Every structure is written in structure tokens, then in C-alpha cells.
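Trainee: here is a sequence together with a model predicted from it:
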Amino acid sequence: MKKKQLEMLLERVEGFSSPSAEMEQYPTPAPLAAALLHLAYMRGELEQVVDLGCGTGVLAIGAALLGARAAGVEVDPRALAVARRNASRLKVHVDFIRADVGTLALKRVGTVVMNPPFGAQKASPGDRAFLRKAVQIADVIYSIHNAGSEEFIRKYIAPCTVEEVYRSQIPIKRCFSFHSREVREIEVELYRISCHKGNQSRGT
Ligand code: SAH
């Protein structure tokens, strides 16, 4: 499937009906989701995929559309209900699991994809718990963070390594106010992180 075709399908994925500000529920826009997944697909890294904090499912569903065995983990049951509806609308199977990423025990998996909460809100666990879990379970991680996170991420994930970084934007509604139509773009970065065993000996 071409990237553009995937993007058009992912445009049909419904977002959060009443997004929670504390949970930092910003859906990944279809073009960025398609770009992330296509990158992984072209590298043969989209066979077995877990989407951490899957929200309404765009990354997990996109992975399944590209032939992956996909699972999505999400703590918010309302988001999961939308995700299930999205998967059936797009006629793919995804295993959706309701759980907290920080405490769920997961088996090793080839690839983690994620757009975790960035930690801008006090109540949010931020991306640390997500990065910790991803590093524990994955060979390769495709993850979206706010721009300027590279130094923190490099240190936090060691001995895993940042292999590639791409810039993009995510439009978010200011303050999640239903009365405001104001939308602003936040600058984000997409990271490809490798946790292959060989990394452990790198630099020695
Ligand atoms: N991955 C989705 C959603 C991104 S928003 C997308 O790309 O569109 C981040 C998601 O992480 C939200 O749905 C939020 O509910 C979820 N989340 C926040 N903390 C979590 C936790 N501790 N465990 C699981 N999911 C969590």
C-alpha cells in the first residue's frame, strides 16, 4: 500500500469524542501516522507491533492495515471504545488492551509505535513511563515527542540508540475549550530508536 493510500484510510479514523486535557489526548494526524508507519514498513519493521497509549487507535490500526499483527494499550475506556469502532470500520483486527502502560507486563515485541503524553500537564505521567516500557519490550521504537527532546531521550533510553529524527507538527485545540475554535500547531519530533542487542556493545 502506498503512503498516500494509507493516509487516506487513516483520515477515516475517528478522534477523541471528549479529549481529556490531563491525559494529553492529542491524536496523531493521519499524514504523520502514515509517515511513521510507512517508514517502519519500508524497513521491514512492521510485523509485530504494540501501540502504547493507543488512544482511538490510529497507529495500531494503520499498522494492521499494512499487515502487522497489532495490539494497542490504552488506559481510557472511552478512547478504547472509539478505537474498537475504528478498527471494525476499517476492517482490521487489533488486540486492544485496557491497561496502564507503566504497570502492564508485556511480552517482548518487534516494534513499539507510540505518541505518548508529553508531560506538559501536571497530572500526566509524561513520556518517561512510556519510554521505559518501550525500551523493556521492543527491538525498535517509533515514537513522537515534543521538539527539542533529543538530548533527554538519548540519555534516557541508553543503551538503546536514536537512529533517526524527523520534524513535524501536530495541530491541537488551545486549552481543549469547546467554545474556542482556535487551533495551534505544536512542533514535534519523530524518533526511530534501536534496541537491538548489538547496541549493548556499541562504543566500547
Ligand atoms: N496514540 C494515540 C493517542 C495519543 S494521546 C494517537 O496517536 O492518536 C496519548 C494517549 O495515551 C491518550 O489516549 C491517553 O489516554 C493515553 N495514556 C495516558 N497515560 C496512559 C497510561 N498510563 N497508560 C496507557 N495509556 C495512557
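Mentor: Received the coordinates, thanks.

Trainee: the helix or strand containing A60 and the ligand, are they touching?
Mentor: Per DSSP states H and E, A60 falls inside helix 58-65. Yes. Legend: contact between helix 58-65 and the ligand by Cβ under 6 Å from any ligand atom is shown at 58-59. Any C-beta I mention is one placed from the backbone N, CA and C, and that applies to glycine too.

Trainee: who touches that helix?
Mentor: Here helix 58-65 makes contact (Cβ atoms under 8 Å, 6 or more residues apart in numbering) with 1, 6, 9-10, 13, 27-28, 30, 33-34, 36-37, 40, 46, 49, 51, 54, 70-72, 83, 86-87, 90, 92-94, 96, 113-115.

Trainee: all helices of this structure, in order?
Mentor: 3-10, 30-42, 58-65, 77-89, 128-137, 150-157 (DSSP state H).

Trainee: need the winner for burial among those helices.
Mentor: helix 58-65 (a mean of 29; mean count of other Cβ atoms under 10 Å).

Trainee: and that one, what's its mean pLDDT?
Mentor: The average pLDDT within helix 58-65 is 98.

Trainee: likewise stretch 151-158?
Mentor: pLDDT averaged over stretch 151-158 gives 95.

Trainee: what's next to it, contact-wise?
Mentor: Taking Cβ under 8 Å, 6+ apart as the rule, stretch 151-158 contacts 128, 131, 135, 141, 145, 161-162, 191, 193, 195.

Trainee: up against the ligand, what does this protein have?
Mentor: Near the ligand, when you scan the chain using Cβ under 6 Å from any ligand atom, you find 23-28, 53-55, 58-59, 73-76, 79, 100-102, 115-117, 125.

Trainee: pull out the buried members of those.
Mentor: The neighbour-count test (16 or more other Cβ atoms under 10 Å) marks 23-28, 53-55, 58-59, 73-76, 79, 101, 115-117, 125 as buried among the residues of the chain next to the ligand.
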